[in-house]
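**Q** coords below, sequence missing:
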Ligand SMILES: CCCCCCCC/C=C\CCCCCCCC(=O)SCCNC(=O)CCNC(=O)[C@H](O)C(C)(C)COP(=O)(O)OP(=O)(O)OC[C@H]1O[C@@H](n2cnc3c(N)ncnc32)[C@H](O)[C@@H]1OP(=O)(O)O
């Protein structure tokens, strides 16, 4: 199937809009105490600009971000990029990461993530993470393949107590089916 560049969904947030968490308990964007607390702003094309401040709890080596946590930040940015511009949930199928520079604790990673194309349910996304500001040197690059799923995917596979909690309180989700 051919890869196409989709139109920006008419209900995608306007350029400059700061996105709320897609799920209140998400490690990447929700209220988890040691989570990444990522903040994301919609761009004027098929991209999002995110920031992630590296905290004490995110260390791998002394004073440096854990590589797996950096991957987590890209997973979050890329998945949200797919979901935001298609207005359909998408889960990570494949995620490839290049670590180009160490990322110190207390630094802020500026991530621009872009929707590059869609082929059926497959969504191709990529991102650059920069240090010292949005024009700074690239520390991490990532490319991902996400797969769109129906909302039933989460109801079928998620822990029953969490599904019950969001059913009782749909405001925990950005999308209220
Ligand atoms: C009204 C709604 C509005 C929404 C608005 C939303 C706003 C914001 C929203 C949301 C933000 C979200 C932010 C999330 C951030 C974090 C994301 C995560 O961490 S997700 C957790 C980790 N990932 C998993 O848990 C997946 C586990 N895997 C699976 O569940 C399945 O394997 C799944 C769904 C990925 C595919 O399974 P199948 O049975 O449904 O489909 P098959 O046929 O296998 O794959 C479909 C196509 O994808 C390719 N594919 C699948 N996995 C692949 C892979 N690893 N590599 C290459 N291709 C792959 C296949 O080859 C196939 O391609 P061919 O159509 O045949 O061309």
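**A** That came through fine. The shown structure was predicted, so the numbers you read here are calculated from the model rather than taken from an experiment. Residues are numbered from 1 along each chain as shown.
**Q** flag every residue of the protein that's near the ligand.
**A** Proximity of the chain to the ligand, by C-beta under 6 Å from any ligand atom, involves residues 22, 28, 75-76, 79-80, 83-84, 87-89, 91-94, 120-122, 145, 147, 149, 174-175. Heads up, the C-betas are built off the backbone N, CA and C, glycines and all.
**Q** just the buried members of those?
**A** 22, 28, 75-76, 79-80, 83-84, 89, 91-92, 122, 145, 147, 174 (16 or more other C-beta atoms under 10 Å).
**Q** so residue 108 is in contact with residue 49, correct?
**A** No - between residue 108 and residue 49 there is no contact under C-beta atoms under 8 Å: 12.0 Å.
**Q** on that earlier part again, and the buried ones among the residues of the chain next to the ligand, which of them are in strands?
**A** Among these, the ones falling in strands (DSSP state E) are 91, 92, 122, 145, 147.
**Q** give the contact list for the last one.
**A** Shown here is residue 147, whose contacts under the criterion C-beta atoms under 8 Å, 6 or more residues apart in numbering are 90, 91, 93, 121, 122, 123.
**Q** rerun that using 6 Å as the cut-off
**A** Under the criterion of C-beta atoms under 6 Å, 6 or more residues apart in numbering, the contact list for residue 147 reads 91, 93, 121.
**Q** could you report the pLDDT at the last one?
**A** At residue 121, the model reports a pLDDT of 98.
**Q** the second one now?
**A** Predicted confidence (pLDDT) at residue 93: the value is 98.
**Q** verify the stated contact: it with residue 145.
**A** Yes - taking C-beta atoms under 6 Å as the contact criterion, residue 93 and residue 145 are neighbours in contact, 4.6 Å apart.
**Q** show me where this structure has helices.
**A** Using DSSP state H, the helices assigned to the chain run over residues 67-86, 152-157, 160-168.
**Q** pick the most buried one from those.
**A** Taking mean count of other C-beta atoms under 10 Å as the contact definition, the stretch among these with the greatest mean neighbour count is helix 67-86, which reaches a mean of 23.
**Q** cheers, nothing more for now.
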